[in-house]
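K.L.:
Sequence and predicted structure are below.
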Amino acid sequence: MTRRPRVRRRPRRRGRRQEQAQAQLIGLMVAGAVAIAVVIAVAHWLLVHWWLLVVVLVLAGAGWHHRRQQQARWEAMRAQALRYGLSQLDALHHSRFEDAIRDLMRRDGCRDAQRVGGGGDLGADVKATDPFGRRWVIQCKHRRNGVQGSAVGTPDLQVLNGTARQVHGADVAVIVTNGRVTAPAAAFATQQRLHVVDRQTLGVWAAGSRPLWELLHTLHPPRKPSALP
């Protein structure tokens, strides 16, 4: 009678997988226990040496305050020296032109000046509050070809007139262009108490150091003196 050959049983994979899973679990438990022990030790050390933590926090706060002061000084120096020529403004993209107008308002002392232009801006490209507390809403009309480009017309002023005060709460509504403004648009601006900064006025403002409100002859003087030096 012949014996059948014994069939070798394959090692059970499930057993190996279970052993690996258990080993990983044990490793995680050990790592967690070590982490907890480290945290407890650090917390205990900090409780004993709490004054070192206070010193570190004071030094960090002093360093942060010093950096903020330095940054404010540099920004103030940069703003005081900010100048643009009309050729520089002509070469800008329309969005960078809005940035330039925002920066000029900051130079004049409007610390909260911000560019808000874009889709759905409702006629406001730059908003700012001057040192007298007046809220400015500015619409920018950039012409790459300067005076050779299309003129700013009455419809542009009508958009500003319809939204500057009612929507944006403007005390001073302004339209700024590096191009030209039609005579009917200028007349409409006068009727509606809007202020037009044409190419000539823009050139004086951007290349000089006088704030815009000193250049707008149709703007009533503020009720309180300027906080600017």
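P.N.:
Alright, I've got the coordinates.
K.L.:
so what's residue 175 up against?
P.N.:
Shown in contact with residue 175 (C-beta atoms under 8 Å, 6 or more residues apart in numbering): 138-141, 152, 156-157, 160, 181, 189, 194-197. Backbone N, C-alpha and C define where each C-beta goes, glycine included.
K.L.:
change it to 10 Å
P.N.:
Neighbour list for residue 175: 123, 125, 137-141, 152, 156-157, 159-161, 164, 181, 185, 189, 194-198 [criterion: C-beta atoms under 10 Å, 6 or more residues apart in numbering].
K.L.:
and the longest helix along the chain, what does it pack onto?
P.N.:
The residue-count maximum for a helix in the chain (DSSP state H) belongs to helix 13-48. Judged by 3 or more C-beta pairs under 10 Å, 6 or more residues apart in numbering; DSSP states H and E, the packing partners of helix 13-48 are helix 50-80.
K.L.:
Confirm residue 132 sits in a strand?
P.N.:
No. Applying DSSP: H, G, I helix; E, B strand; the rest coil, one finds residue 132 to be coil, outside a strand.
K.L.:
Could you check how far stretch 131-140 is from the centre of its chain?
P.N.:
Distance of stretch 131-140 from the chain centroid (C-alpha atoms, centre = their mean, to the nearest Å) equals 17 Å.
K.L.:
Out of the helices and strands in this protein, which is least certain?
P.N.:
Averaged element by element with mean pLDDT, DSSP states H and E, the chain has its least confident helix or strand at helix 50-80 (a mean of 70).
K.L.:
how does the protein divide into domains?
P.N.:
Annotated domains of the chain cover 14-79, 84-214 [automatic domain parsing].
K.L.:
what's the closest of these to residue 220?
P.N.:
domain 84-214 (9.5 Å; C-beta to C-beta).
K.L.:
Rounded mean pLDDT for stretch 196-215, please.
P.N.:
For stretch 196-215, mean pLDDT rounds to 94.
K.L.:
Between the two ends of it, what distance do you get?
P.N.:
One end of stretch 196-215 to the other measures 11 Å (C-alpha to C-alpha, to the nearest Å).
K.L.:
Quick check: buried residues in that stretch?
P.N.:
Neighbour-count burial for stretch 196-215 flags 196-199, 201-203, 205-206, 211-213, 215 (criterion: 16 or more other C-beta atoms under 10 Å).
K.L.:
filter the contacts of residue 175 to the buried ones?
P.N.:
Neighbour counting by 16+ other C-beta under 10 Å classes 123, 125, 137-141, 152, 156-157, 160-161, 164, 181, 185, 189, 194-198 among the contacts of residue 175 as buried.
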